[in-house]
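Q: Here you go, sequence then predicted model.
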Amino acid sequence: MREIIIDTETTGLERKLDRIVEIGCVEINNYMPTGRSFHQYCNPLHPVHKEAFKVHGLSNEFLKTKPTFKRIVNKFLTFIGDARLVAHNAPFDLGMINDELERLEMPLLQNEIVDTIELARLKRPGKRATLDALCAAFKIDTSKRTLHGALLDAELLSEVYVELRGGRQYGMSLFGDEESTPTNQSYAARQRPVPLPLRVTDEDRALHAAFIAEMGEKAIWRDYR
């Protein structure tokens, strides 16, 4: 299954007033990275709040030379296609994107959405669900993360998401998918209604005993007769 891990940085937290200044996307397929990504800074045509600047470090001076969301939106939509979208606090990030689309009188996103905060709370009840806390819990290197950045955060989130889904061995699950994977349950081994007949004959046993006898008293096989 193709999924897009997505993160945004914005001018602030007021959805109806603030704008997107950066979008970062990482593609995974069947919980494995494909190496494909999408990254774009955007001129928000709106001032960056001081508190937001402290988070991502993207200044008005830097952003004024970047293309507007209107100029990059088609490339973004082409990249994500109809893939499932995965975001940390999805209502905010994808809400901001839908607000930008609405301003352009374009159709809103109809993709299936996974919120990794909700997933983390389900998988790790009672534990902190921030991206930093999850990276620490799964021993994911965050040494490059001095400030928030959409692409870097999307890359970190892709690793967190795979761990929340069961880690790299997910595809080997005997139960198929995440919805059907049992937790804290035991299952009795299935038994054949009619046991298979023994394939070792008395002659086989005699030949094996003779073979071991030829190996001497210290032969390790004597411990497994």
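A: Arrived safely.
Q: Could I get the average pLDDT for stretch 13-29?
A: Average pLDDT, stretch 13-29: 94.
Q: And that stretch, what's buried?
A: 18-28 (16 or more other Cβ atoms under 10 Å). All C-beta atoms are positioned from the backbone trio N, CA, C, and that covers glycine.
Q: Stretch 123-130 now?
A: Neighbour-count burial for stretch 123-130 [16+ other Cβ under 10 Å]: 123, 129.
Q: Retrieve the pLDDT associated with the residue nearest the centre of the chain.
A: In the chain, the residue lying closest to the centroid (Cα atoms, centre = their mean) is Tyr161, at 2.3 Å. Looking at Tyr161, its pLDDT stands at 97.
Q: isn't there a helix covering it?
A: Yes - with DSSP: H, G, I helix; E, B strand; the rest coil as the criterion, Tyr161 is assigned to a helix.
Q: Once you drop chain neighbours, what's closest to Ala133?
A: Lys127 (7.3 Å; Cβ to Cβ, 6 or more residues apart in numbering).
Q: Could I get the contacting residues of the residue nearest to the centre of the chain?
A: Neighbour list for Tyr161: 5, 28, 31, 86, 114, 116, 119 [criterion: Cβ atoms under 8 Å, 6 or more residues apart in numbering].
Q: got the residue ranges for the helices in the protein?
A: Counting by DSSP state H, the chain has helices at residues 50-56, 60-63, 69-80, 90-103, 116-123, 131-137, 150-164, 202-213.
Q: OK, contacts around Pro44?
A: 10-11, 18-21, 63, 68-69.
Q: and those residues as JSON lines, adding distance to Gly149?
A: Listed next are those as JSON lines, based on distance: Cβ to Cβ, whole Å:
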{"residue": "Thr10", "distance to Gly149": "13"}
{"residue": "Thr11", "distance to Gly149": "15"}
{"residue": "Asp18", "distance to Gly149": "18"}
{"residue": "Arg19", "distance to Gly149": "17"}
{"residue": "Ile20", "distance to Gly149": "14"}
{"residue": "Val21", "distance to Gly149": "11"}
{"residue": "Leu63", "distance to Gly149": "14"}
{"residue": "Thr68", "distance to Gly149": "20"}
{"residue": "Phe69", "distance to Gly149": "18"}
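Q: Need phi/psi at Thr68.
A: Backbone torsions of Thr68, given as degrees, to the nearest 10, read phi -80, psi 160.
Q: For burial, what's the neighbour tally of it?
A: Neighbours of Thr68 under the rule other Cβ atoms under 10 Å: 15.
Q: What distance do you get for it to Leu151?
A: 19 Å (Cβ to Cβ, to the nearest Å).
Q: closest one to Leu109 among the helices of the chain?
A: helix 90-103 (5.9 Å; Cβ to Cβ).
Q: Next, the buried residues of that closest one.
A: 90, 92-97, 99-101.
Q: just those now: which is nearest His49?
A: Using Cβ to Cβ, those come closest to His49 at Met96, 14.0 Å.
Q: Now do that closest one, the pLDDT please.
A: 96.
Q: In contact with it, which residues?
A: Neighbouring residues of Met96 by Cβ under 8 Å, 6+ apart: 8, 10, 15, 18, 20.
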